[in-house]
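Asks: here are the coordinates; sequence isn't available:
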């Protein structure tokens, strides 16, 4: 199964695609500092091109966390919306994971530090280079879905983990 992991942001959106525990594609999609509607359009159109090129089977995205700054939270929600719409328009089912679930799946602790998650992402995908924070976070979401899907495939019919 080819999984598209997304870490949407209003300035940089992380994109990571894995197949099993093999890296297929990773990028930090820089959106610049233009008007927000233009940046949202870039997220949507660039993700459509990535989906067409790499043909993932499913998309995984982190759920929204509450920010102390309401404006930042709103912009993040809009970036998530653009990314999710691109995935849905590309025919992909979308799965959402809480930040604690992603950390738990990769590190074994829901309160793990961001650096620990990035380190485990590099170990699991057997990559040496630093991919940048946003691409690494996107890959972590994809790996979380991969682990959940593997576990679900071993459960009795009708039982599903989320």
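Replies: Yes, it's here. These numbers were taken from a predicted model, which means no experiment stands behind them. Residues are numbered from 1 along each chain as shown.
Asks: Pull out the buried positions in the helix ranked longest in the chain.
Replies: Counting by DSSP state H, the longest helix found in the chain is helix 133-154. Across helix 133-154, burial judged by 16 or more other CB atoms under 10 Å covers 133-149. C-beta: built from backbone N, CA, C; applies to glycine.
Asks: ok, now stretch 80-95?
Replies: Going by 16+ other CB under 10 Å, stretch 80-95 has these buried residues: 80, 82-87, 90, 92, 95.
Asks: In strands only, show me these.
Replies: residue 95 (DSSP state E).
Asks: Residue 107: neighbouring residues, count only.
Replies: 17 (other CB atoms under 10 Å).
Asks: what residues are up against it?
Replies: 116-117, 120 (CB atoms under 8 Å, 6 or more residues apart in numbering).
Asks: One more: residue 4?
Replies: Neighbours of residue 4 in contact, by CB under 8 Å, 6+ apart: 15-17, 50-51, 54, 56, 58-60, 87, 92, 142.
Asks: Which ChimeraX command selects the buried ones in the residues you listed?
Replies: Buried members of the contacts of residue 4, defined by 16+ other CB under 10 Å, are picked up in ChimeraX with:
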select :15,16,17,50,51,56,58,59,60,87,92,142
